[in-house]
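**Q** Give me a 3D structure for the following:
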Amino acid sequence: MAEGENATESAPQSKPGLPLKMIVVVGGLMLVEAVAVMGIMVFTAGGSTSAGELAIEGAEAADREQPVEVELTKGRFLNLSTGRAWQWQAEIYVRVRKKNVDKISSEIERRRVEIDEGVSEIFARAQERHLREPGRETLKRQMLAFAVEVFGADSNGVPRVDEVMIVNYRGSPIDY
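**A** Here you go, the predicted model:
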């Protein structure tokens with residue numbers, strides 16, 4: 001029986017508190033998990049490139065196609081179609097693609113008198129109902145045709161001028 005008593009005496013007795021082996025194993029697993037998460041974040045972050053440095057493919061070409069408004073002319077234009085002299089004050093802009101701005105601006109500078117004369121003629125021959133249209137569709141259509149004639153088309157055959165806009169548009173009778 002001495003052997004049986006020896007066997008029970010040599011068995012470790014349970015100690016109160018947390019087992020040290022379990023704490024080390026859990027701590028090690030947490031450390032491995034943290035290293036794995038950091039590794040994944042570093043590899044998927046794409047390095048040190050910031051969002052501002054990323055180049056979008058085709059961004060420059062898309063930017064060149066953005067619409068830009070360029071002042072064509074502004075002034076006071078006469079119309080005598082009603083039998084009474086009317087003065088129409090207007091600012092006229094053309095909408096073009098950014099890639100055509102330099103060409104349009106240089107043509108406006110070079111052909112200033114021709115452009116002013118053409119716009120004046122459109123106002124002079126316009127009928128009263130065209131001048132009083134709420135959306136000025138007829139005037140815009142005639143000026144767009146004139147602008148396309150003056151500025152032409154780009155190398156792809158697309159007109160350089162997309163739209164004509166008339167702002168600060170006011171008419172008043174002139175009494176001599």
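**Q** Just the strands from the chain, written as ranges.
**A** Listed in chain order, the strands of the chain (DSSP state E) span 67-79, 86-97, 161-173.
**Q** Please report the distance of residue 24 from residue 31.
**A** According to Cβ to Cβ, to the nearest Å, residue 24 stands 10 Å off from residue 31. C-beta here means a position set from N, CA and C on the backbone, and glycine is covered the same way.
**Q** hang on, the earlier thing: a markdown table please, covering the strands of the chain and showing mean pLDDT and mean neighbour count.
**A** As requested, the strands of the chain are exported to a markdown table (pLDDT from 0 to 100; neighbours: other Cβ atoms under 10 Å):
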| stretch | mean pLDDT | mean neighbour count |
| --- | --- | --- |
| strand 67-79 | 93 | 16 |
| strand 86-97 | 95 | 18 |
| strand 161-173 | 92 | 14 |
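**Q** could you dump the ones you listed to TSV with distance to residue 147?
**A** Shown next, in TSV, are these (distance: least, Cβ to Cβ, whole Å):
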stretch	distance to residue 147
strand 67-79	7
strand 86-97	6
strand 161-173	4
